[in-house]
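Novice: sequence below, structure please.
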Amino acid sequence: MHPNAQRVERLEAARLRALAGPAAFVYGAAMHRSPEVVVQRREIIASHTTYPGFVCAAAFGGSGDGGDEQLDGDLIGFGYGYLGARGQWWHDTVAHALGRDGARRWLRDGFELAELHVLPDHQGAGLGRRLLTDVLSRATAKRAVLSTPDADSPARRLYRSFGFEDLLCGFYFPGSSEVYAIMGVDL
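Specialist: Okay, the predicted model is just below:
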């Protein structure tokens, strides 16, 4: 569908920090977020790169001219996660919601898939699946957890196809009016 959008690369933390602006743009377009939220997300993305166990994959479009020099091209999708730990906002919020037993089962030795987004014009071409496959293949934990809007969506179906199950539905993060599902899978 998008022949120039087939380049998926593993990114080191420093490279994603350098691409935090474009990554926040992809997030905003994929999630239909306001410019103010996109600016905040840029800072969040940069801070996540410092977390232990960080792994990232990104998809780039570009000219496809076959030149020898590898340029970044346009970032059209990315996914990343890290090892969750007490003191991290998402981890602590979800741990409280899951309760003691749920948090012990899912968050202890858990890899938190923090972001997985593809620009709308490039969705449906398998890039999300490729990014998720790469990131989860490098996760150094016994299980993976994530949050996603609590709706029947292509993203939710993708996660289910990887074996993710609903751990908690109808969940609201503090300060958000959007309803989420918390999902998890044993790796």
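Novice: doesn't Ala14 belong to a helix?
Specialist: Yes: assessed by DSSP: H, G, I helix; E, B strand; the rest coil, Ala14 belongs to a helix.
Novice: work out which residue lies at the spatial centre of the chain.
Specialist: Glu115 (1.7 Å; CA atoms, centre = their mean).
Novice: over the helix or strand harbouring Thr148, what's the mean pLDDT, rounded is fine.
Specialist: Here Thr148 sits within strand 143-149, counting by DSSP states H and E. The pLDDT scores in strand 143-149 average 98.
Novice: now swap in stretch 108-123 and tell me
Specialist: On average, stretch 108-123 scores 96.
Novice: hang on, the earlier thing: the spatially closest residue to the residue nearest to the centre of the chain that is not a sequence neighbour: how many residues sit nearby?
Specialist: Leaving out its chain neighbours, the residue that sits closest to Glu115 by CB to CB, 6 or more residues apart in numbering is Tyr80, at 5.6 Å. In short, each C-beta sits where N, CA and C put it, glycine included. Look at Tyr80: counted by other CB atoms under 10 Å, it has 24 neighbours.
Novice: mind checking the SS state of Tyr80?
Specialist: strand.
Novice: that one: what's it in contact with?
Specialist: Leu11, Leu16, His48, Thr49, Phe54, Val55, Cys56, Ala57, Leu113, Ala114, Glu115, Val135 (CB atoms under 8 Å, 6 or more residues apart in numbering).
Novice: let's see which of these end up in strands.
Specialist: Those of these mapping onto strands are Leu11, Val55, Cys56, Ala57, Leu113, Ala114, Glu115, per DSSP state E.
Novice: pLDDT score for the nearest residue to the third one once chain neighbours are set aside?
Specialist: Read that as Cys56. In this structure, Cys56 finds its nearest non-sequential neighbour in Tyr80, 3.8 Å apart by CB to CB, 6+ apart. Looking at Tyr80, its pLDDT stands at 98.
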